[in-house]
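Colleague: Just need the structure, nothing else, for what follows:
(one chain, ligands or ions: 1)
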Amino acid sequence: MSAIDEKFDVIDDVFVDGIDIHSRGRTRNNYGPVLFVLSLALLEWDQLPPLWVTRKNPIGWREGQKDSLRYYRTVEEFAAAYKFGDYFQLLTLRRATDPIPLHFIDHIELDDPKRGVRKPDFSYFVGARAALGEASRNFPDLPIESHRCPASCNCEASYADVTEEEMKRLFAPRGVSTPHVEGLRTTTSTPSQAV
Ligand SMILES: [Zn+2]
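Modeller: As a prediction, the model looks like this:
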């Protein structure tokens, strides 16, 4: 939460990218290595918070601007102007104070930085995947996959430049240790659309 979020009245909003930023930019997403791909079934959820779409990324908003300049006002206006792949038109769930249930996640993609630490012998990818499996243990059918990178993706090179401290923050916030990998799930589900 920040003063800017408060100023622009988005403090309780959940921003959702319509595209996979990692694939689009062919490099790691600075927000983190875990991608939750939401099912379009979420749109039919009867408790779905109001879904608004920004005209521009909020970093370009100005103080005192009307909502009509920040968000599309009608479905027709949205349909005419929305460009799939645009970084700046963000889908946002307004005042989403309750969590989005995990069953609306189609699958999870985790970056494989191809890095680890020697002592103890620890792979960031295996460790983070085990942690995700543990966190979603009540949803044993939820696929956890390595990120589907496009050809000539630069994420591995980008991760090579990340400090050890930052790698631990991104992949192993609870510390590095030999992960408990029993029951790990990996699948190759069919691609689905993100909302
Ligand atoms: Zn990549």
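Colleague: okay, CA-based contacts and neighbour counts for the rest of this
Modeller: Fine.
Colleague: residues in contact with the residue nearest the centre of the chain?
Modeller: In the chain, the residue lying closest to the centroid (Cα atoms, centre = their mean) is L35, at 4.0 Å. If you count contacts by Cα atoms under 8 Å, 6 or more residues apart in numbering, L35 has them with 20, 108-110, 147.
Colleague: That one belongs to a strand?
Modeller: Yes: residue state for L35 (DSSP: H, G, I helix; E, B strand; the rest coil) corresponds to a strand.
Colleague: Now flag whichever of the contacts of L35 is closest to the ion.
Modeller: H147 (6.7 Å; Cα to the ion).
Colleague: my read: G18 touches F88, true?
Modeller: No: G18 is not in contact with F88 according to Cα atoms under 8 Å; the separation is 9.9 Å.
Colleague: quick one: which of the two has more around it?
Modeller: Shown here are G18 and F88; by other Cα atoms under 10 Å, G18 has more neighbours (20 against 17).
Colleague: Quick check, L38 in contact with H107.
Modeller: Yes: with contact defined as Cα under 8 Å, L38 and H107 form a contacting pair (7.3 Å).
Colleague: who in this structure is up against the ion?
Modeller: For the chain, the residues in contact with the ion under the definition Cα under 5 Å from the ion are 149, 153, 155.
Colleague: Excluding chain neighbours, give the residue nearest to the last one in space.
Modeller: Just to be clear, that refers to C155. T27 (4.2 Å; Cα to Cα, 6 or more residues apart in numbering).
Colleague: what's near enough to touch the one you found?
Modeller: 153-156, 158.
Colleague: Show the model's pLDDT score for it.
Modeller: Residue-level confidence at T27 comes out at 97, pLDDT.
Colleague: Helix or strand for it, just tell me which one.
Modeller: In this assignment (DSSP states H and E), T27 forms part of neither any helix nor any strand.
Colleague: Next, give phi and psi for it.
Modeller: Recorded main-chain torsions at T27 are phi -160, psi 170, according to degrees, to the nearest 10.
Colleague: tell me the strands in this protein, going along the chain?
Modeller: Secondary structure of the chain (DSSP state E): strands located at 14-16, 34-38, 51-53, 91-93, 105-110, 116-117, 122-123, 144-146.
Colleague: Kindly reformat these as JSON lines and extend each row with mean pLDDT.
Modeller: JSON lines is the format used below for those (pLDDT from 0 to 100):
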{"stretch": "strand 14-16", "mean pLDDT": "89"}
{"stretch": "strand 34-38", "mean pLDDT": "96"}
{"stretch": "strand 51-53", "mean pLDDT": "93"}
{"stretch": "strand 91-93", "mean pLDDT": "93"}
{"stretch": "strand 105-110", "mean pLDDT": "97"}
{"stretch": "strand 116-117", "mean pLDDT": "92"}
{"stretch": "strand 122-123", "mean pLDDT": "92"}
{"stretch": "strand 144-146", "mean pLDDT": "97"}
